[in-house]
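> how would this look folded up:
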Amino acid sequence: MIRLPIRAALALSILTATATAQLVQVSPNPITSGSSSFISITDTTGLGMEIQTGCGWLEIRQGTQNGPVVPFSSNCASVPITIPGNAAYSWGWDQIDGSTGQLVAPGRYWIHATTATPGGPPVETWNSIDVVDASSTAPVLYRQGVAATGLAVPFSLTAPTLPNAPFATLFSFDQTNPLSLPGFVDLALSAPLFVVDSGTLDAGGSAPTFSFSIPNDPSLSYSGFHLQSIVVDPALALIDSNALSVLIY
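Below you'll find the predicted structure:
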């Protein structure tokens, strides 16, 4: 469900009770077709993570979480990898479909990562990445600073082809079960959702920069959250932006 607007501090105050054992971030997101992106997975428990050999721990699917798997073009891990507590492991994606040798088509892709804490059960997460071509007019949500306890993190939204359009930016705890609004839009965020910013884009299709304040609470370090914006076009259709996964330091 989509809930009424709440203070960012209230949303973050329950992060520690809902946080996953890992957070995946993709940079950049969205990514221009033909460019390389980096997929970074961070342990959020402080206990560390283990990644098994082969490609089974990480897969990329096209369109939806049930879409076709995009084979990798590069070699996978040949030995198990241990990631220390609160550390990160990064892997580059070249957008090449390993079965064809060609670039993947523009669109939304889903990253499925599976790791385990030492001696613990597997932990799975899903995160989206949007591949766009140079002519893309989709709304784009940007983060403009580092997220850390006690700081306000600036975010900006641009949609140049939708001047003066209403918008809202949504907060979620994860992307594992993305919410679909049939006939309107397929979001990349899971319920419950919280509205953290809303208004009207200016004549250039930009929203005023808004700052997401993170409480000065050390227990929030190495937890994360997810943001995505929706814009209403003149035909009253909902158009979604990329989704951002944000790690708090």
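> flag the shaky bits of this structure, pLDDT-wise.
1-20, 53-55, 74-78 (pLDDT under 70).
> hey, where'd the helices end up in it?
8-13, 15-18 (DSSP state H).
> is it true that residue 116 touches residue 48?
No. Residue 116 lies out of contact with residue 48 (Cβ atoms under 8 Å); the separation is 9.8 Å. (Each C-beta comes from the backbone N, C-alpha and C, glycine too.)
> what about residue 60, how many residues nearby?
Residue 60: 21 surrounding residues under other Cβ atoms under 10 Å.
> from residue 151, how far out is it?
Distance, residue 60 to residue 151, using Cβ to Cβ, to the nearest Å: 32 Å.
> same deal with residue 39?
Per Cβ to Cβ, residue 39 is found 25 Å from residue 151.
> the spatially closest residue to residue 226 that is not a sequence neighbour: neighbouring residues, count only.
Leaving aside its chain neighbours, residue 226 sits nearest to residue 172 (4.7 Å; criterion: Cβ to Cβ, 6 or more residues apart in numbering). For residue 172, the count of nearby residues is 24 (other Cβ under 10 Å).
> hmm, residue 172 is touching residue 195, no?
No. Using Cβ under 8 Å, residue 172 is not in contact with residue 195; the gap is 11.1 Å.
> what's the span of stretch 138-150, first residue to last?
Terminal residues of stretch 138-150 are spaced 32 Å apart (Cα to Cα, to the nearest Å).
> hmm, who's touching that stretch?
Residues from elsewhere that reach stretch 138-150, judged by Cβ atoms under 8 Å, 6 or more residues apart in numbering: 30, 130, 132, 151, 153-159, 162, 167, 169, 209, 212, 214-218, 220-221, 227-231, 239-244, 246-249.
> how about residue 126, what does it touch?
Residues near residue 126 by Cβ under 8 Å, 6+ apart: 65, 110, 111, 112, 174, 175, 176, 178.
> so what's the residue nearest to the fourth one when sequence neighbours are not counted up against?
Think residue 112. Of all residues not flanking residue 112 in the chain, residue 59 sits nearest, at 4.8 Å (Cβ to Cβ, 6+ apart). Each residue near residue 59 by Cβ under 8 Å, 6+ apart is listed here: 69, 70, 111, 112.
> residue 59 and residue 122: what is the separation?
Distance from residue 59 to residue 122, by Cβ to Cβ: 13 Å.
> again with residue 222
Per Cβ to Cβ, residue 222 is found 20 Å from residue 122.
> more neighbours: which of these two?
residue 222 (18 against 12).
> so what's that one closest to, chain neighbours aside?
Here the residue nearest residue 222, using Cβ to Cβ, 6+ apart, is residue 44, at 4.6 Å.
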